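S.K.: Please find the sequence and the predicted model below.
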Amino acid sequence: MKANRVIALLVVLLMLRLFYGAMAQQQPPASPQQPAGNQTSQGPSPGHQFVDPRQVNVLVGNDLRLFTIMAALNLAGYNYEVEGRAPSPLRASLKEKFARVDPAIIARLRQYYQSHRAPGLDEPSQVAKYIALAFVVNPPPSFSLTVAREKLPEDVRSIVDFIPLIQEFYAGAGLRSLIPTIAPSYNSVSTAYRQATGEAIFQILSYLHTTPVTFIPAPLIPVQSQEKDKQKKSDKDKKEEEGPAFIPRGRDRVRRMFVVPDLLNAQNTAYFRNDIVVNLENEEGGLPGDDYLVVVGPTPSSDIKEIRRAFIRFVMDPIIDKNLQAVVNPRTKQRTELGEAIVKLVQQLPKATNELKQSLPLIIRESFTYAVEAGMARSAAAPAELQQVEEDNLYNLSIYYERGAVLAFHFYQALKGLESTGIDVSSLFASFLSNTDIARESTRSAGFAELRARVEKRRAEQRAQAVKASLPGVDEHVAARLVQADKLIQQRRFEEARIILMGVLNEQPRNARAIFGLAQIVNQAITPVEADEKADPDDKLVAQEERLGQAVLLYRQAIEAASPETEKWIISRSYVAIGRIFDFRNLREDAIAEYEKAIELGRVPNGAYDQAIEGKKKPFGQQ
């Protein structure tokens, strides 16, 4: 009976999916994965490099609800794309496909999207809540909520009133007639992701020597037989029934993971959530935390980094929940001394995320996820590459540590035992956690500066060698063009400067000076709508907001691309420029955070240390 109910549940979910072709090939497994074998299973059998995602309740496919909402957002003004990258062909043709949509509907969509922007978030992050909304509504045309509004996460709850606009858009867009022309693109991507996901599942389960828990039966609680019934029975019967009977409390739960392509988003975007239930109306479903959702934007090839991390979490969460004795007292449910020390350590880190500061299990899960990712890279490395892979792993773990994953180094070292013994991770995890030396983990950051300097120097040398090999003799010429563009920007001859900078970026897509120059241009050059005296004031504000948002994104890209050794001035000036934009938008706390980053860099030649000091004292424009 349990198996039939799980199968029915998965079949209904498959029917949700867009364009049916990709998902029609993914009928659910004949029976759910039961937890009984999870403690002793040794993972996939040798000789196979692929695990059918369906066998572990991972569904890869498309979703019409997501397509509808993302189409609406694109028409509403979400047009962000990674600098130097062209939008996907489908996204580029969107306006043409929806040319007959009533302009009044598009205007309302645009007004809603702009009025519900969250301060301080980049463009891809702005749409995260809308993506989540797509998975808590019923299929079109109703788009009605599948759960009560008050049960939704706060960010999703804040945009529930977007649903009537989506209903109106779907009704007026003739979207169903577009499906035959759109389906091939989506189905092709889904097929590629299904293969890549299956390979990642095999690698993860082989490394951890386990299988995931996909079915959790309802817990049993003891119930004493009624006294009057006992009196009617013989002494023998009474003796047999002296022990408690058990009845289930609550309902059985099915754990699932969904991988959904989104061709209407920017390239290389990925979204992960574990706080919503992907159900239909009147469907029993599970609880928040049972469903793992990964939405991936278009990429030149299947990018599975977020999918891999999501599946590691999917596998590890039940194991972690059962092995918290070292950090949480099983009887009182209070944190132990070790648990308190771990949380305190995270709360002391200025860059730690709020989510990790507030959740001990999340600290453990994220630390272990990043450790497994690094451990798999270590295991797969050839002997000649091992030293560099090890350095890169430690470099990455240092970044995750500062964000709150403070046990990542500890788990990374502990996983060597897993790699050498081949024992199921579920049998080892309790000892991994209990053997934590919090004093040692508290001092990890002492070596970060030296480690990062060493790795960044090596990476800079490798980049220089790559540029020299691919573009011999180009450096001096590029430098001259950048100087010319800088002079043009100072003269406010923005279009001429833009042409030069785009030419440089066509040759060197990650040239930090060129990206920084483009950011300066976008920051200073007002758009035609802003300059039009007859334009609607609201349209002017929208255009200004979009321009400044794009400038912030370009400054962020310049920071990421800049060499810490030779281009620290770009990083310094970019932080201050972002801070000033935030001040202009009355986002004072966000502005101060940017100024502080520039101050932390110190007095950099040609940097903006003094401007950062002034910006922290007073908002830009009031100095």
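M.R.: Structure received.

S.K.: Spell out, range by range, the strands that occur in this protein.
M.R.: Assigned by DSSP state E, the chain shows strands spanning 58-60, 215-216, 220-223, 245-248, 253-254, 256-261, 270-273, 291-296.

S.K.: Which among the ones you listed is found nearest to H410?
M.R.: Across the strands of the chain, the minimum distance to H410, taken as C-beta to C-beta, is reached by strand 270-273, at 23.6 Å. For the C-beta atoms, the positions are set from N, CA and C on the backbone; glycine is no exception.

S.K.: So what's the gap between that closest one and the chain middle?
M.R.: Distance of strand 270-273 from the chain centroid (C-alpha atoms, centre = their mean, to the nearest Å) equals 4 Å.

S.K.: ok, and what's touching stretch 152-170?
M.R.: Contacts of stretch 152-170 with the rest of the structure, by C-beta atoms under 8 Å, 6 or more residues apart in numbering, involve 68-69, 71-72, 101, 105, 108-109, 112, 116, 118, 128-130, 132-133, 136-137, 140-145, 149-150, 275-276.

S.K.: Domain map for the protein?
M.R.: The domain map for the chain lists 1-222+246-322, 328-451, 469-617, with the assignment taken from automatic domain parsing.

S.K.: Could you export those as CSV, including distance to Q462, mean pLDDT and mean neighbour count?
M.R.: Written out in CSV, the entries for the domains of the chain read as follows (distance: least, C-beta to C-beta, whole Å; pLDDT from 0 to 100; neighbours: other C-beta atoms under 10 Å):
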stretch, distance to Q462, mean pLDDT, mean neighbour count
domain 1-222+246-322, 21, 81, 18
domain 328-451, 10, 95, 17
domain 469-617, 10, 85, 17
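
S.K.: Was I right to think L386 contacts A380?
M.R.: No. Under the contact definition of C-beta atoms under 8 Å, L386 does not touch A380, with a separation of 10.2 Å.

S.K.: any common contacting residues for the two?
M.R.: When contacts are counted by C-beta under 8 Å, 6+ apart, the set common to L386 and A380 is empty.

S.K.: so how far is R585 from the residue nearest to Y575 when sequence neighbours are not counted?
M.R.: In space, not counting the residues next to it along the chain, Y575 is nearest to A598; the distance is 3.9 Å by C-beta to C-beta, 6 or more residues apart in numbering. According to C-beta to C-beta, to the nearest Å, A598 stands 18 Å off from R585.

S.K.: Show me how far stretch 529-542 is from its chain's centre.
M.R.: Taking C-alpha atoms, centre = their mean, one finds stretch 529-542 lying 35 Å from the centre of the chain it belongs to.

S.K.: do the same with stretch 556-569
M.R.: Taking C-alpha atoms, centre = their mean, the mean C-alpha location of stretch 556-569 is offset from the chain mean by 24 Å.

S.K.: Could I have the CA atoms of it written out in CSV?
M.R.: These are the backbone C-alpha positions of stretch 556-569, laid out as CSV (Å, rounded to 0.1, in the frame of the first residue of the first chain):
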residue,chain,number,x,y,z
ARG,A,556,31.1,43.2,-8.7
GLN,A,557,32.4,41.4,-11.8
ALA,A,558,35.4,43.8,-11.9
ILE,A,559,36.2,42.9,-8.2
GLU,A,560,36.0,39.2,-9.0
ALA,A,561,38.2,39.5,-12.1
ALA,A,562,40.8,41.8,-10.6
SER,A,563,44.2,40.4,-9.6
PRO,A,564,44.8,40.9,-5.9
GLU,A,565,48.5,41.5,-6.6
THR,A,566,48.4,44.1,-9.4
GLU,A,567,44.8,45.4,-9.5
LYS,A,568,43.8,45.9,-5.9
TRP,A,569,43.0,49.5,-6.8
